[in-house]
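> Give me a model of this one.
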Amino acid sequence: MKTLCIALLVAVVFAEKGHSLWCYRCEDEPSNWNCMKMVKCAETDKFCSTIVTTVGRDKNSSYKLSKKCVPSCTENFIDIGSGSVSTNCCNSSFCNFSGANSVKTSSVMVAGGILASFFYIFRSGW
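Below you'll find the predicted structure:
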């Protein structure tokens, strides 16, 4: 089944390669898992965008994720202290697959902490 889905996705992406842009679309979703709806963009749309709105800080934070096709796009990040809004843009089909940059950064920080812990353990010789 996975092979069939991948083959269909490749066929869709390359069938109308001349002008069609495909993006993932969702509106105010709390999870990237809810943002997997594929849509064909209008001919006037040139970008896929991902907008992440974060409310709160640390453990009390939550975020809403919106993805869509847009005719123009400006990347930005606005931090107002009690939350933030991040806009990411890309211009190839299905390029807006990823979720929030803040979530990616957190994953990188966790991985870095784990690596630093291993380095400390091996360096101190247990």
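
> what about the strands in this structure?
22-29, 37-40, 47-55, 62-70, 76-79, 83-90 (DSSP state E).

> can you list these in TSV and add mean pLDDT?
Converted to TSV, the strands of the chain look like this (pLDDT from 0 to 100):
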stretch	mean pLDDT
strand 22-29	97
strand 37-40	96
strand 47-55	95
strand 62-70	95
strand 76-79	94
strand 83-90	95
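
> which one of the ones you listed lies closest to residue 96?
Using CB to CB as the measure, strand 47-55 is the one of the strands of the chain that comes nearest residue 96, at 3.9 Å. Quick note: C-beta positions are derived from backbone N, CA and C, even for glycine.

> For residue 78, which non-adjacent residue is closest in space?
Beyond its immediate neighbours in the sequence, the residue positioned closest to residue 78 (CB to CB, 6 or more residues apart in numbering) is residue 85, lying 4.9 Å away.

> quick one: residue 83 and residue 60 touch, right?
No: here residue 83 lies out of contact with residue 60, judged by CB atoms under 8 Å, at a distance of 10.9 Å.

> And these two? Which one has more around it.
For the pair residue 83 and residue 60, the greater number of neighbours falls to residue 83 (15 against 7), based on other CB atoms under 10 Å.

> hang on, the earlier thing: next up, the contacts around the residue nearest to residue 78.
With contact set as CB atoms under 8 Å, 6 or more residues apart in numbering, residue 85 has these partners: 51, 52, 53, 54, 76, 77, 78.

> quick one: the closest residue to the first one other than its chain neighbours and residue 72, what's the gap?
The reference is to residue 51. Counting by CB to CB, 6+ apart, residue 66 is the residue found nearest to residue 51 once chain neighbours are left out, at 4.6 Å. For residue 66, the distance to residue 72 under the criterion CB to CB, to the nearest Å works out to 16 Å.
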